[in-house]
Structure formats: C-alpha cells, structure tokens
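missing the sequence, but the structure's below:
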C-alpha cells in the first residue's frame, strides 16, 4: 500500500499526539478506541465485513466464500478517517505483554504491517496479533514490554497485494497459541513457493481462537481468564498420539495438561476444538493403552459430527462417504506439534 506524503504526515501526527498508554485499567481491553462493543451495540458498529457486506464475513470461523474459507480472526472497522478517507484509528495492546515480532515490510505478508505480542503473564501465555496497520509506532520493537492500552500503531489496509480499499480499512485481530519453536526448520523441509520471512511468527505456526466470543464472555463475567475460556471449549475430536516426546507446545502451555506425566508415559490423548486448537492434553501410561503402540501412530478416538460440520472448512477431520480421516491442516498441525517429519 502506498500513501502520499500528506497522508503519511497525517498518520505520524496522529501517533505523535496519542498518549503512550490509553485507559489501561482492565486486565483485558478492546484493541481499538471504538466503544461500540463495550456498550453492547450491534456487531455492524464494530465488525468490518468483506465486499459481501455481510457482518458475519468479518468474524471468526468458516465465514468466507460461502463458508468454504476459514478466517482466523475478527476484522474491526475504522470509525475515524482523515480528509482523504484513510483510517486514523489507533490500535492498542489488548493485554499486558512483550512485543515478540514486528513486520514492517508490507510485501512480505498478506498481513501487511503487523505486530505480535506474547502475554507472558497470562495462563496460557497466548499471543495477540494486530495486522494491516498503516503505521507501527517506532517504539514498538521486539522485546519491549507493553501494558494493556499501549498504542501500537494506526489501523490501515496494508497487505502484500494492496487489494484492501480504503473504505474497508480494518484491524485484523487474532488471539491464539503458537504451535512450535522449530517452525523454520519444518518450513525449510517443505516445498513452499515463498521464503519464510517471519521465523516462528509465520501465520501457519499461529493457531487462533475466536476473539469476539472470548471478549463477549469476558465482558459478561462468564470467564475471567483465557485459561477458563479455553477449558470451556467443547472438543470436536480426540486423537491418540503414540510418542514419548513432550512437545514444545505443552512445555510452553502446561496449564492445558489434565494430569501429570508419569514415569511410564507412552503417549497422549489430545482434544481439539472444531477449528483445530489442541486445548486438552492427557498423558497416557502403559496401563491406559494395553494394545500395541508404535512411535508416531496417530489414531482418531472420538469425534463430534456437529462441530466438525460447523468448522468443515478448517480441513481438520474430513467426513467423506460415511468415513472419517485426518485432513491436511490437521496433519500439518500434528507435524508441527510433535516434530514429526
């Protein structure tokens, strides 16, 4: 995306005039200054739809291309614009955390300019991602600690191909978990057409959940932590994985364990949401699995047809011709989680 000099100067003045932190009284706060969600206003007052005009298209899940394409975020609309019609809304950190990654090279990502914050004091220590920014504040650098409400930059429409019109400028906002700390090695072993410019913060290594559902339940007092929210999510399927490895993922997010890892540990039962997030991990002993187990075996134990149908486009478990099998996205997730090649 190219801005003329006058527009860029306007955005710089917007950032310069903004305080470093805005209203950081809550543990979790909405990532823009639009107060519509907090007031309980209709979703079209804060969700930016695609060109279809349907509010659902800016939400999380199988909401794009008539339900065929998954959207792992919510798109938050602009409510402030300059005289050229460009968005000038400030983008704010949703929780206290540490800046983990900053991409200022628009041509390197469909996210355009984006920032990833890891919330090291949260359980689990999730990431939040803020994409399509027109500008990122110069002080936002890897390693910098931020408070909830810290100004990260200005909302925009940056992305690799420059296809977002100014009328649909928005913040692509994700919340989720990081699958592995060895993503670059995995990526280099595959036949992808483009380089991995983003190390472990490539979107393929980030597995999100629904920010709008989380914020709604947090606002309504139904959950008070991310952990409580994740524990409440229903499982769409459960996989049994035969391995003595303890993945990076569970070392990073030990609060997802359902029990201790014993000396006779032989594998895992992992419960996944319909959109492919592994939210409950049960370590298995030899006593739990009396039959033969071979390292690397993956078995589907249970599944919920209703939840799988709702998130069919995520390509996790495929239900075809009366049978079920693992889809490509789930196979990739398993490879990343367990370092299987």
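In hand now; what should we look at? Just so it is clear, the structure is predicted and the values come from calculations on it, not from any experiment.

C-alpha from now on. contacts and neighbour counts both.
Noted.

stretch 202-210: how far from the chain's middle?
Averaged C-alpha coordinates place stretch 202-210 at 4 Å from its chain's average position (CA atoms, centre = their mean, to the nearest Å).

er, stretch 79-97 actually
Distance of stretch 79-97 from the chain centroid (CA atoms, centre = their mean) equals 20 Å.

would you mark the buried spots in that stretch?
Across stretch 79-97, burial judged by 16 or more other CA atoms under 10 Å covers 86, 87, 88, 89, 90, 91, 92, 93, 94, 95, 96, 97.

ditto for stretch 256-265
Judged by neighbour count (16+ other CA under 10 Å), stretch 256-265 contains these buried residues: 256, 257, 261, 265.

now do stretch 286-301
By neighbour count, with 16+ other CA under 10 Å as the criterion, the buried positions of stretch 286-301 are 296, 298, 300.

want to throw the buried residues of stretch 256-265 into a markdown table with distance to residue 220, pLDDT and secondary structure?
Rendered in a markdown table, the data for those read as follows (distance: CA to CA, whole Å; pLDDT from 0 to 100; DSSP: H, G, I helix; E, B strand; the rest coil):
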| residue | distance to residue 220 | pLDDT | secondary structure |
| --- | --- | --- | --- |
| 256 | 24 | 97 | helix |
| 257 | 27 | 97 | strand |
| 261 | 36 | 92 | coil |
| 265 | 40 | 91 | strand |
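
just the buried residues of stretch 79-97 now: which is nearest residue 225?
Looking at the buried residues of stretch 79-97 and their distance to residue 225, the nearest is residue 95, at 11.4 Å (CA to CA).

just give the closest residue to the closest one, not the sequence neighbours.
residue 148 (4.1 Å; CA to CA, 6 or more residues apart in numbering).

now the one you found, what's its secondary structure?
Using DSSP: H, G, I helix; E, B strand; the rest coil, the structure places residue 148 in coil.

coming back round to it: now render the buried residues of stretch 286-301 as a markdown table, adding distance to residue 289, pLDDT and secondary structure.
Listed next are the buried residues of stretch 286-301 as a markdown table, based on distance: CA to CA, whole Å; pLDDT from 0 to 100; three-state DSSP:
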| residue | distance to residue 289 | pLDDT | secondary structure |
| --- | --- | --- | --- |
| 296 | 15 | 89 | coil |
| 298 | 13 | 94 | strand |
| 300 | 14 | 93 | strand |
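
what about the residue nearest to residue 95, how many residues nearby?
22 (other CA atoms under 10 Å).

quick one: it and residue 92 touch, right?
Yes: counting by CA atoms under 8 Å, residue 148 touches residue 92, with 7.3 Å between them.

burial count for residue 205?
Residue 205 has 22 neighbouring residues, counting by other CA under 10 Å.

ignore the last one, residue 152
The tally of other residues near residue 152 (other CA under 10 Å) stands at 27.

quick one: residues contacting it.
Each residue near residue 152 by CA atoms under 8 Å, 6 or more residues apart in numbering is listed here: 90, 91, 92, 93, 115, 136, 137, 140.

any chance of those residues in CSV, with secondary structure and distance to residue 290 too?
Converted to CSV, the contacts of residue 152 look like this (DSSP: H, G, I helix; E, B strand; the rest coil; distance: CA to CA, whole Å):
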residue, secondary structure, distance to residue 290
90, strand, 57
91, strand, 53
92, strand, 52
93, coil, 49
115, strand, 47
136, strand, 55
137, coil, 57
140, coil, 53
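
for residue 129, state which of those residues is nearest.
Using CA to CA, residue 115 is the member of these that sits closest to residue 129, with 5.7 Å.

now for that closest one: which residues touch it?
Taking CA under 8 Å, 6+ apart as the definition of contact, the neighbours of residue 115 are 99, 100, 101, 102, 103, 129, 130, 131, 136, 152.

the third one against residue 128, yeah?
I take that to be residue 101. No: the pair residue 101 / residue 128 is not scored as a contact, 10.6 Å apart, by CA under 8 Å.

identify the contacts common to the two.
Counting by CA under 8 Å, 6+ apart, the residues touching both residue 101 and residue 128 are 116, 117.

have a look at the two and say which one is more surrounded.
When neighbours are counted by other CA under 10 Å, residue 128 comes out ahead of the other of residue 101 and residue 128, with 25 against 21.

got the phi and psi for the more buried one?
Listed backbone geometry of residue 128 is phi -120, psi 150, with angles given as degrees, to the nearest 10.

look up the closest residue to it, ignoring the ones flanking it.
residue 175 (4.5 Å).

which helices and strands does the strand or helix carrying that neighbour pack with?
When elements are assigned from DSSP states H and E, residue 175 belongs to strand 170-178. Taking 3 or more CA pairs under 8 Å, 6 or more residues apart in numbering; DSSP states H and E as the contact definition, the neighbouring helices and strands of strand 170-178 are strand 74-77, strand 127-133, strand 206-209, helix 211-219.
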